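Q: Any chance you can model this:
(chains A, B, C and D)
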Protein chains: 2
Amino acid sequence: MNIGEIAKLAGVSRSTVSYVLSGKRQVSPELHERITRVIEEAGYRPNATARALAEGSTRTIGLVIPPTGPHLSVDQLHFVGAVAEAAADRDFDVLLSPERQQSFERMVTEKRVDGVILMETVLRDARVTRLIDEGFPFVTIGRTGADDAHGWVDLDYAGLVTEGVRRLSALGHRSIALVNRPQELLDHEYGPAFRAADAFEKATVELEIAGISRCCDDSDDAAAGCLDEILAQAPDTTAILTINERSLAGLVSALSARGKAIPDDVSLLAITSVRNATALRPQISAADVPAAEMGEAAVDALLRRIRSHTEPGPNVLISPPFVDRGSLAPPRR
Amino acid sequence: MNIGEIAKLAGVSRSTVSYVLSGKRQVSPELHERITRVIEEAGYRPNATARALAEGSTRTIGLVIPPTGPHLSVDQLHFVGAVAEAAADRDFDVLLSPERQQSFERMVTEKRVDGVILMETVLRDARVTRLIDEGFPFVTIGRTGADDAHGWVDLDYAGLVTEGVRRLSALGHRSIALVNRPQELLDHEYGPAFRAADAFEKATVELEIAGISRCCDDSDDAAAGCLDEILAQAPDTTAILTINERSLAGLVSALSARGKAIPDDVSLLAITSVRNATALRPQISAADVPAAEMGEAAVDALLRRIRSHTEPGPNVLISPPFVDRGSLAPPRR
DNA sequence: TTGTAGGCGTTATCAC
DNA sequence: GTGATAACGCCTACAA
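A: Predicted coordinates:
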């Protein structure tokens, strides 16, 4: 069933059917009515591929997801889901690309999509330079180091860490630890890890408090080891700030196993998803990563970019508020 | 840059260029060489949309993901990633569809994809009947109740639960509890929850041991409540079998909080992802859900179905072995 | 207000 | 072995 058959059944030309479908020109009420009914009865739906070819636009965006490795988090799945839903709301589809040369290349060179969203951007990202050279519309989640003019959506890790340190300091803490993402990510110039470490350093210096910063692998086990290191090196630590979602549970149980009560002995403040923060006991005060909001922002930014190649990409820095769940207290004296 | 320009540059016809690209007919070495070089130099890649229209096939499969809700698990993200990677290996792309009428409909009626993979199938699934009526190729993850002839890939929950009960029974346990997925899912006729409950009932009856079966919401908190219910109603419970990945961590800490040691007081056996089972302390003996394998199996099954509409869809029942990680012991006497 | 016809970029069937 | 050329199904100037 194609547009020609509908036209024949309704006794009109193909263009008239097309215009009824698109609404791009007036069609007399009688014809409109008749054609609509025929379409309805035949259950006809225009072929997306043919439309894409004619219009020069696929109405599809690409989403490059990180490889299925140890760093994947539930947050990321939520983000993927949010992107798919936001796109669907705007009548776009989402084409998934595992982060591999071949698949990614195909998406852009064969024009399978109108634009792409890049997850897990690193400070110097080959894909970004590639897309810029190509003149292909894209938006990154996270920024490259160059604060390029392309569009990006990012969590304000620097601001959040600074604010976190301030809050802990305001409560009276004078010795604070930062639990960062894995060393490996820091080495790969992963923005959040990098900016968090940097901001932590600056904030502690400025507020004149002792700060110890540690990378921690993405596991509960690593969290225990990391905690031990911290306590060994800075035994008077009274507060921990963590951006490592995957090891938060391990950190909490390790604290409990070492007889450190939250928040009486150690205050704990995190940047993580609501779910993660509230699934634990005690619940953890945190800046809740708004995956859905970020997904929507990314889709909107990309669509704007697709529609007008000229104007610079929107930059969205998201800074969710800290929510108090009782894991913070003044240091015991 | 399109195939016509390449043809012009190489001084041949478009069809010859096309045949060099597809290899579907012999082209003289000289021409082949010349054309290949021109393609190379121009950086030409055929337009996927035009190809799809001409071939009548999009080389894309649809993946219908569950709504971004509370039941999403890391396993599911891995599955999505595995599907994307398996598809990429076979030169297919993956189009994501949030589980909504509109988006799903679009994918199939507008022929955006050659076939679809349905996640989270329920026993009576409207989407399945829809696709069967349409004659559209698809594969489900999980089965409907009707054991239809369409293709599916499923974890053998019934077999795994039966085997789990046998193992615990063989160790000497006479009072076993099953921690199932949330009641809500059971009510919605979610296959795994349904089949697990059923198999548990049968296995305990057959082996003449006391079995108590409880649904548990997907949270650590719920796990604690669920454990209390179990211990209240069957205080002599010495072993727990769980298929609820999302509450496993909570179950472990609730046991510890109630002074029940694993495995000395209570043996714990799970069906969950490796990561989940090994992230906890103690590590949990489990049948490790092979998300990657399932993703690949689903893609293969679907591609077979796409290539030959006639033969019945392959049915793949996956039953990973239980891995002992020390959370099992004979009951204390 | 409606119809005609060319074009989107490939593939594949004919001829030569 | 190679080249025209008609599909594929839709959109949209251009005519009427």
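Q: Can you find the helix or strand in chain A with the smallest mean pLDDT?
A: When each helix and strand of chain A is scored by mean pLDDT, DSSP states H and E, helix A:274-279 comes last, with a mean of 84.
Q: Now find how far off-centre that one is within its chain.
A: Distance, stretch centre to chain centre, for helix A:274-279: 17 Å (CA atoms, centre = their mean, to the nearest Å).
Q: What helices and strands are in contact with it?
A: helix A:74-89, helix A:248-257, strand A:285-288 (3 or more CB pairs under 8 Å, 6 or more residues apart in numbering or on different chains; DSSP states H and E). In this view, the C-beta of every residue, glycine as well, is placed from N, C-alpha and C.
Q: Hmm, A:Phe200 is touching A:Arg166, no?
A: No. Using CB atoms under 8 Å, A:Phe200 makes no contact with A:Arg166, being 11.5 Å away.
Q: neighbour-wise, which of the two wins?
A: A:Phe200 (25 against 13; other CB atoms under 10 Å in any protein chain shown).
Q: Return the residues of chain A in contact with DNA strand D.
A: A:2-4, A:14-15, A:18-19, A:21-22, A:24, A:46-47, A:50-51, A:53-55 (CB under 7 Å from any atom of the strand).
Q: and those residues, which are buried?
A: The neighbour count (16 or more other CB atoms under 10 Å in any protein chain shown) marks A:3, A:18-19, A:21, A:46-47, A:50-51, A:53 as buried among these.
Q: Might you list the low-confidence residue ranges for the stretch 151-300 of chain A?
A: In the predicted model of the stretch 151-300 of chain A, no residue satisfies pLDDT under 70.
Q: which residues in it form strands?
A: A:151-155, A:175-180, A:210-215, A:239-242, A:267-272, A:285-288 (DSSP state E, counting those that start in this stretch).
Q: As JSON lines, the ones you listed with mean neighbour count and distance to DNA strand C would be great.
A: As requested, the strands of the stretch 151-300 of chain A are arranged in JSON lines below (neighbours: other CB atoms under 10 Å in any protein chain shown; distance: least, CB to the nearest atom of the strand, whole Å):
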{"stretch": "strand A:151-155", "mean neighbour count": "24", "distance to DNA strand C": "26"}
{"stretch": "strand A:175-180", "mean neighbour count": "24", "distance to DNA strand C": "47"}
{"stretch": "strand A:210-215", "mean neighbour count": "18", "distance to DNA strand C": "47"}
{"stretch": "strand A:239-242", "mean neighbour count": "27", "distance to DNA strand C": "50"}
{"stretch": "strand A:267-272", "mean neighbour count": "26", "distance to DNA strand C": "46"}
{"stretch": "strand A:285-288", "mean neighbour count": "23", "distance to DNA strand C": "45"}
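Q: can I get the helices and strands packed on helix A:274-279 in JSON lines with distance to A:Thr140?
A: Below are the helices and strands packed on helix A:274-279 laid out as JSON lines (distance: least, CB to CB, whole Å):
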{"stretch": "helix A:74-89", "distance to A:Thr140": "13"}
{"stretch": "helix A:248-257", "distance to A:Thr140": "26"}
{"stretch": "strand A:285-288", "distance to A:Thr140": "21"}
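Q: mind checking which of these is nearest A:Ala270?
A: Comparing the helices and strands packed on helix A:274-279 by their distance to A:Ala270 (CB to CB), the top pick is strand A:285-288, with 4.1 Å.
Q: Go back to the buried ones among the residues of chain A next to DNA strand D and keep what's next to DNA strand C.
A: Answer for these near DNA strand C (CB under 7 Å from any atom of the strand): A:19, A:50, A:53.
Q: which among the residues you listed gets closest to DNA strand D?
A: A:Ala50 (3.4 Å; CB to the nearest atom of the strand).
Q: Name all residues that make contact with that closest one.
A: B:Leu53 (CB atoms under 8 Å, 6 or more residues apart in numbering or on different chains).
Q: Next SSE downstream of the strand or helix carrying it?
A: A:Ala50 belongs to helix A:48-55 when assigned by DSSP states H and E. Using DSSP H and E, the helix or strand that follows helix A:48-55 in sequence is strand A:60-65.
Q: in its sheet, what does that following strand sit against?
A: Taking DSSP bridges as the criterion, strand A:60-65 forms sheet pairs with strand A:93-98 (parallel), strand A:115-118 (parallel).
Q: Figure out which of the ones you listed is closest to A:Glu293.
A: Short answer: strand A:115-118, nearest of the strands paired with strand A:60-65 by CB to CB, at 14.4 Å.
Q: And the average pLDDT for the closest one is what?
A: The average pLDDT for strand A:115-118 rounds to 96.
Q: hmm, who's touching that strand?
A: With CB under 8 Å, 6+ apart as the contact definition, strand A:115-118 has outside contacts at A:61-64, A:83, A:97, A:107-108, A:125, A:127-128, A:131, A:136-141, A:298-299, A:302-303, A:305-306.
Q: elements contacting whichever helix or strand comes after that strand?
A: Downstream of strand A:115-118, the next assigned helix or strand under DSSP H and E is helix A:126-134. Here helix A:126-134 touches helix A:101-109, strand A:115-118, strand A:138-141, going by 3+ CB pairs under 8 Å, 6+ apart.
Q: What about the residue in the stretch 151-300 of chain A that DNA strand D sits nearest to, how many residues nearby?
A: Of the stretch 151-300 of chain A, the residue with the smallest distance to DNA strand D, taken as CB to the nearest atom of the strand, is A:Val299 at 22.3 Å. The number of residues packed near A:Val299 is 27, by other CB under 10 Å.
Q: Can you name the residues that contact the closest residue to it other than its chain neighbours?
A: Spatially, and ignoring its direct neighbours in sequence, A:Val299 is nearest to A:Ala86 (4.1 Å; CB to CB, 6 or more residues apart in numbering or on different chains). A:Ala86 is in contact with A:295-296, A:298-300, counting by CB under 8 Å, 6+ apart.
Q: What residue in the stretch 201-333 of chain A comes nearest to DNA strand C?
A: A:His309 (16.6 Å).
Q: surely that residue meets A:Pro137?
A: Yes. Contact criterion CB under 8 Å: A:His309 and A:Pro137 qualify, at 6.7 Å.
Q: Compare those two (neighbour count), which wins?
A: Per other CB under 10 Å, whichever of A:His309 and A:Pro137 has more neighbours is A:Pro137, with 24 against 10.
Q: ok, that one - contacts?
A: A:Pro137 makes contacts with A:114-116, A:302, A:305-306, A:309, as judged by CB under 8 Å, 6+ apart.
Q: Which residues of the stretch 51-200 of chain A lie near chain B?
A: When proximity is defined as CB under 8 Å from any CB of the partner chain, the stretch 51-200 of chain A approaches chain B at A:52-53, A:58, A:60, A:63, A:65, A:67-68, A:70, A:72-74, A:76-78, A:80-82, A:84-85, A:88, A:93-98, A:100, A:102-103, A:106-107, A:109-112.
Q: Domains of chain A: list them as residue ranges, please.
A: A:3-46, A:60-155+A:291-318, A:157-289 (automatic domain parsing).
Q: re the thing from before, report the buried members of the residues of the stretch 51-200 of chain A next to chain B.
A: For those, a neighbour count by 16+ other CB under 10 Å gives the buried set as A:52-53, A:58, A:60, A:63, A:65, A:68, A:72-74, A:76-78, A:80-82, A:84-85, A:88, A:93-98, A:103, A:106-107, A:109-112.
Q: Give me the neighbour count for the nearest residue to A:Val83 once chain neighbours are set aside.
A: Leaving aside its sequence neighbours, A:Val83 sits nearest to A:Gly295 (CB to CB, 6+ apart; 4.2 Å). Residues near A:Gly295, counting by other CB under 10 Å, number 25.
Q: Isn't A:Gly295 up against A:Leu77?
A: No. Look at A:Gly295 against A:Leu77 with CB under 8 Å: they stay out of range, at 10.9 Å.
Q: still on that earlier bit, put together JSON lines for the ones next to DNA strand C among the buried ones among the residues of chain A next to DNA strand D, with pLDDT on each row.
A: Converted to JSON lines, those look like this (pLDDT from 0 to 100):
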{"residue": "A:Tyr19", "pLDDT": "97"}
{"residue": "A:Ala50", "pLDDT": "98"}
{"residue": "A:Leu53", "pLDDT": "98"}
